[in-house]
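J.: Fold the following for me, if possible:
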Amino acid sequence: MNFGGLGPEHSGAETSRFVVVPVPYDLTSTYQTGARHGPSAILDASANMELYDEELQKETYRSGIYTMEALTIDARGPQHMIRAVNRVTKKIIDAGKISILLGGEHSISFGAVQAAKKKYPDLSVIQFDAHADLRDEYQGSPFSHASVARRIVELCPLVQVGIRSMSAEEAAFYKKSNIRSYSAEDVHGNKNIDKEICKHLKGDIYVTVDLDVLDPSIMPSTGTPEPDGLSWRQLLCILKAVSRRCKVLGVDVVELSPIPGMVAPDFLAAKLIYRIMGYLSE
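T.: Sure thing, here's the model as predicted:
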């Protein structure tokens, strides 16, 4: 099974611009588990997706999309899985290709950011998320999905979009950090939010998308859904602007926890990934 159900002429390892890496891992997930099934659900949905992009008026898959075998899960702890993601992302970046991670839980993003930061020292990260993910540790682990942004901001500048849930600890951390954070309310109330966000981004960028940034009316299949999220169009508008302004080195889309019998969220995730690839191949 590969992304888009592509034939060999458009899914070869050597000729493809994009490398899809399924990471079926959710060891630190809280509330509702199931993100380990996200990558396979996305791949399955993508095989039933029209490959002509009606917005971009092109067939993005012609840039080449290679799908790796799913990463082997290391259950010793998230730091071990992060190392595995780091290693594979480094190889993709060194080959001059764009990595597309399919989660799995959000903790995996840190490994990809580490790899990109080592190659590109001026890296910045844009995080689309309902949650701040800035706890120093959660349930005894500094590498929990709830701590991923805290680890990222220790490495490089971070811009957050869609935040609408945080702990008192995280609220206090914002006051002493230089994180540029836009709440969901900021997005809803500003038609020029894409331009505002892009003022704080330039050069080399890594994009991480936690699907709970979207409103649960269109994305109920997450472990920790939050009301009043972004719309499909709002998310795409910002992603398109970032893709045009910056050099995006890698992307992950995480936290899809499929609901049996409900395929619309799986399809949304697949189409979102394909649209991002389209923006990056313009």
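J.: show me where pLDDT drops low in this protein?
T.: Across the chain, not a single residue meets the criterion (pLDDT under 70).
J.: need the strands for it, in chain order.
T.: According to DSSP state E, the chain carries its strands in the segments 18-23, 65-67, 98-103, 124-128, 158-163, 180-183, 204-210, 247-254.
J.: Quick check: which of these is buried the most?
T.: strand 98-103 (a mean of 27; mean count of other C-beta atoms under 10 Å). From N, CA and C alone the C-beta is placed, and that goes for glycine too.
J.: Okay, helices next: where are they in the stretch 151-282 of the chain?
T.: 168-176, 184-188, 193-198, 232-245, 264-280 (DSSP state H, counting those that start in this stretch).
J.: Which secondary structure elements does the shortest one sit against?
T.: Helix 184-188 is packed against strand 158-163, helix 232-245, with contacts defined by 3 or more C-beta pairs under 8 Å, 6 or more residues apart in numbering; DSSP states H and E.
J.: Repeat that for the longest one.
T.: For helix 264-280, the packing partners by 3+ C-beta pairs under 8 Å, 6+ apart come out as strand 18-23, helix 38-46, strand 98-103, helix 232-245, strand 247-254.
J.: Could you point out which of those sits nearest Tyr206?
T.: Nearest to Tyr206 among the helices and strands packed on helix 264-280 is strand 247-254 (5.1 Å), distances taken as C-beta to C-beta.
J.: export the strands of the chain to JSON lines and tack on distance to His145?
T.: Listed next are these as JSON lines, based on distance: least, C-beta to C-beta, whole Å:
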{"stretch": "strand 18-23", "distance to His145": "12"}
{"stretch": "strand 65-67", "distance to His145": "24"}
{"stretch": "strand 98-103", "distance to His145": "9"}
{"stretch": "strand 124-128", "distance to His145": "12"}
{"stretch": "strand 158-163", "distance to His145": "15"}
{"stretch": "strand 180-183", "distance to His145": "18"}
{"stretch": "strand 204-210", "distance to His145": "9"}
{"stretch": "strand 247-254", "distance to His145": "8"}
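J.: For Ala84, which of those strands is the nearest?
T.: Of all those, strand 18-23 comes closest under C-beta to C-beta, at 8.3 Å.
J.: Show me what the closest one pairs with in its sheet, parallel or antiparallel.
T.: Here strand 18-23 is paired, per DSSP bridges, with strand 65-67 (parallel), strand 98-103 (parallel).
J.: and that strand with helix 264-280, angle?
T.: 150 degrees (axes from the mean of the first three to the mean of the last three C-alpha atoms, to 10 degrees).
J.: Need the CA coordinates for strand 18-23. CSV is fine.
T.: Output of strand 18-23 as CSV, limited to C-alpha atoms (Å, rounded to 0.1, in the frame of the first residue of the first chain):
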residue,chain,number,x,y,z
PHE,A,18,8.3,13.4,-1.5
VAL,A,19,9.0,10.5,0.9
VAL,A,20,6.0,9.4,3.0
VAL,A,21,7.0,7.7,6.4
PRO,A,22,4.2,6.0,8.3
VAL,A,23,4.9,6.0,12.1
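J.: Right, I'll leave it there.
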